[in-house]
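Visitor: turn this into a model:
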Amino acid sequence: MEMFNEFKAFIARGNVLDLAVGVVIGAAFTAIVTSLVDDLINPLIGLIVGGVDFSGLSAGLGDAQFMYGNFITAIIKFVIVAWVVFLIVKAVNRMMPKKEEAPAAPAGPSDNDLLKEILAALKAK
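Guide: Purely as a prediction, here's the structure:
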């Protein structure tokens, strides 16, 4: 029963719920990026480089087929996702209120000044 209560407290944390929402939105966003890359960007790149379809690029070694075209597509998807996340973070940072810097603490006497005062007090006795 104690473990259940600990689990319930863990799940109820705000960070866990935020993470779960992020994962769900990220999965949906991945479908959008996949369509963007497969349906729009790869054909455009194919036109530029002479009709190359990345998904069909492969090399064989014996019975093994190395689908390096799929790897190129994955790299393109990653760069797009990273760029969009960068833009979102940048926009959110602009919307956040600027934190005012705390005023610097008033400068007190330095260590040397304190030692001079102590020395003067000792000489006065």
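
Visitor: tell me the helices and strands packed up against the one helix or strand in the chain whose mean pLDDT sits lowest.
Guide: Taking mean pLDDT, DSSP states H and E as the measure, the chain has helix 42-48 as its least confident helix or strand, at a mean of 77. Contacts defined by 3 or more CB pairs under 8 Å, 6 or more residues apart in numbering; DSSP states H and E place helix 42-48 against helix 68-95. Just so you know, the C-beta spots here come from the backbone N, C-alpha and C atoms, and that holds for glycine as well.

Visitor: quick check: mean pLDDT across the helix it packs on?
Guide: Here helix 68-95 scores 83 as its mean pLDDT.

Visitor: same deal with stretch 117-125?
Guide: Averaging pLDDT residue by residue across stretch 117-125 gives 88.

Visitor: contact partners of it?
Guide: The contact list for stretch 117-125 (CB atoms under 8 Å, 6 or more residues apart in numbering) reads Pro109.

Visitor: gap between that stretch and the chain center?
Guide: 59 Å (CA atoms, centre = their mean, to the nearest Å).

Visitor: run through the residues that contact Ile76.
Guide: Val37, Ile41, Asn42, Ile45, Phe54.
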